[in-house]
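Student: Sequence plus the predicted model coming up.
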Amino acid sequence: MDAPTTTSADSGSGGGGGWFTPRKAPPAGASTDQETPSEGRKVTPIRPVGRPERISRDREDTVPAQSAAPAAEAAPAPQYASAAGTPPQQPGPHATARPHAAQQGQGSSPAHPPHSAPSAQAPTAPRAEPTPRPAPGPEASPDARLIRRTLEEVGPDADKVTSYFYALLFVRHPELRPLFPASMDTQRDRLLKALLTAAEHADNKSVLVPYLKNLGRGHRKYGTQPEHYPAVGECLIGALTRYATTTWDQETEAAWVRTYTTISQVMIDAAAADELRAPAWWYGEVVSHDLRTSDIAVVTVRPDQPYPFLAGQYTSLETPWWPRIWRHYSFASAPRSDGLLSFHVKAVPAGWVSNALVHRARPGDVIRLGPPSGSMTVDHSSDSGLLCLGGGTGIAPIKALVEDVAEHGQRRRVEVFYGARTDHDLYDIDTMLRLQQTHPWLAVRPIVDQQAHLQLPDAVREYGPWNEYDAYLSGPPGMIRNGVDALRDIGIPVDRIRHDSVEELVATGN
Ligand SMILES: NC(=O)C1=CN([C@@H]2O[C@H](COP(=O)(O)OP(=O)(O)OC[C@H]3O[C@@H](n4cnc5c(N)ncnc54)[C@H](O)[C@@H]3O)[C@@H](O)[C@H]2O)C=CC1
């Protein structure tokens, strides 16, 4: 599924001098346009580069409840937490728990941005728990060591670096500002964070390259073009120059330029290869909207063209009411013969997209879909059982996995633990029990916190043995974190534990 990209690991590595110049011209006719089914293509707001595909699912970034429009600069608190404490993860919204990884400033501080720049004090990325930065090992390359030294210095000023970076970007390249969401609060540090994370792991090519390819492909929907990358890189260096005052020197700058050049080339190549075979986005017309509880809806859409994906994967959605704000949701069904796609959406307090999808979307509305992503998929060459933990709306991809096993006609044991806080929150239990009735190899066990007096992961310990099972976890970050611990405790090897990556490449040690 990966694009046959050139990773260009050494592109631009001939020295820290020149800036990266995109190898490929922007694809001819590759417009950033969007079309509505009836209106033809029109210009789509784009986002230049570098938002990590952080899984937010229905736990999306939020906006102050009173905001009528996403214009305020006050930052909402994104809710998706990092999986600190879990093993390093493969980048991508799904990861196994395998313990692997997962500016031409030239010393001069750029001019201060005007005060209208994004506030430095606003909360930025989800940082539910700090993830310690891995110390550069003795085998770290000289560039990696310099980069980590910079990151260590700017770490305490992360918010300021973020604000300064965007201020620079928008002051120096005002033409890029309309390409970002009107309010930058929910997303503003994703770009920088992705770049810094990638740079930090520059030595770990086996993890980094797939991560960047995915990032590059995912950025097609924003309309990212190769010529945006130098602008971003320039401002990245500008921001680092300003805040890494004691460690920044020519050598460090050269290391950053080389690393950023490599990062951007991998992303550009991946996007270009993807362009040959898939659209940058799909339109999806809402064909049904089933309000299951006061805050959970099952939304089914019909894509405007075939949408290939695998059970267990997820996509990103943009509603017409909040342009350029994308949120991730898992496919709640295996691919269907009628091509329809379903999503389970929980409206979270002050969540922009989730509230729109739950409370506003109606049949006939048209949303946009990004490409499918994630690798929490079933290995059909194996006959191991599947132990699935689905917490809350995290049951959505688990249901898709069950359907996938059913369609492949195998008789593998599938044990689903469906966790919820109250009975009422088991909004999809009827579907799951129907599946259980149909398939003798399937067991579904609802675990309600209030009744069981224990949380979902602990309930699993009371059953088993699980040593012949592959484990799949889907739900809130805390559940995944505790679930991984619980499953490892009961002897499931970490390379058989699969779950959505709560934050790529940020887990300890990757
Ligand atoms: N909608 C979708 O397509 C998908 C959503 N998700 C994620 O699933 C989550 C669903 O949220 P809600 O429905 O509000 O779930 P919730 O907060 O009500 O929790 C659901 C279950 O997880 C357990 N749990 C929660 N925190 C735990 C912890 N710290 N340790 C152990 N167990 C814990 C609870 O006991 C409960 O059984 C969101 O974070 C969402 O991002 C994940 C994959 C797909």
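Tutor: In hand now; what should we look at?

Student: list the contacts for Pro397?
Tutor: By CB atoms under 8 Å, 6 or more residues apart in numbering, the residues touching Pro397 are Ala311, Gly312, Gln313, Tyr314, Ser330, Phe331, Ala332, Met376, Gly390, Tyr472, Ser474, Asp500. Where C-beta positions appear, they are placed from N, C-alpha and C, glycine not excepted.

Student: Please list all residues in contact with the closest residue to the ligand within the stretch 301-450 of the chain.
Tutor: Relative to the ligand, the nearest point of the stretch 301-450 of the chain is Gly392 (1.9 Å; CB to the nearest ligand atom). Contact partners of Gly392, counting by CB under 8 Å, 6+ apart, are Lys346, Gly419, Ala420, Arg421, Asp425, Gly475, Pro476.

Student: how does it look with 7 Å?
Tutor: Lys346, Ala420, Asp425, Gly475, Pro476 (CB atoms under 7 Å, 6 or more residues apart in numbering).

Student: In the contacts of Pro397, find the pair that's most separated.
Tutor: Farthest-apart pair in the contacts of Pro397 is Gln313 and Gly390; separation 15.3 Å (CB to CB).

Student: These two: who's more crowded?
Tutor: Gly390 (28 against 22; other CB atoms under 10 Å).

Student: for the helix or strand containing that one, what is the average pLDDT?
Tutor: Element membership for Gly390 (DSSP states H and E) is strand 385-391. For strand 385-391, mean pLDDT rounds to 97.

Student: Neighbouring strands - and their directions - for that strand?
Tutor: Partners of strand 385-391 in the sheet, by DSSP bridges, are strand 414-420 (parallel), strand 469-474 (parallel).

Student: Could you export the next helix or strand after it as CSV, CA atoms only?
Tutor: Next along the chain after strand 385-391, taking DSSP H and E as the criterion, comes helix 395-407. Taking Å, rounded to 0.1, in the frame of the first residue of the first chain, the C-alpha atoms of helix 395-407 are listed here in CSV:
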residue,chain,number,x,y,z
ILE,A,395,-16.0,-0.4,19.7
ALA,A,396,-16.3,0.9,16.2
PRO,A,397,-13.2,-0.6,14.6
ILE,A,398,-13.6,-3.7,16.7
LYS,A,399,-17.0,-4.3,15.1
ALA,A,400,-15.3,-3.9,11.7
LEU,A,401,-12.7,-6.5,12.7
VAL,A,402,-15.4,-9.0,13.7
GLU,A,403,-17.1,-8.5,10.3
ASP,A,404,-13.8,-8.9,8.6
VAL,A,405,-13.2,-12.2,10.2
ALA,A,406,-16.7,-13.3,9.4
GLU,A,407,-16.2,-12.4,5.7
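
Student: any chance you could map the helices in the stretch 251-400 of the chain?
Tutor: Ranges of helices in the stretch 251-400 of the chain, per DSSP state H, counting those that start in this stretch, are 352-355, 395-407.

Student: Take those helices and write them to CSV, including distance to the ligand and mean pLDDT.
Tutor: Formatted as CSV, the helices of the stretch 251-400 of the chain follow (distance: least, CB to the nearest ligand atom, whole Å; pLDDT from 0 to 100):
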stretch, distance to the ligand, mean pLDDT
helix 352-355, 9, 94
helix 395-407, 4, 97
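
Student: Looking at those helices, spot the one closest to Glu227.
Tutor: helix 352-355 (29.1 Å).

Student: How many residues are close by Phe331?
Tutor: 26.

Student: What confidence value was assigned to it?
Tutor: Value for Phe331, per-residue pLDDT: 98.

Student: who touches it in this structure?
Tutor: Phe309, Ala311, Gln313, Tyr314, Thr315, Leu341, Pro397, Ala400.
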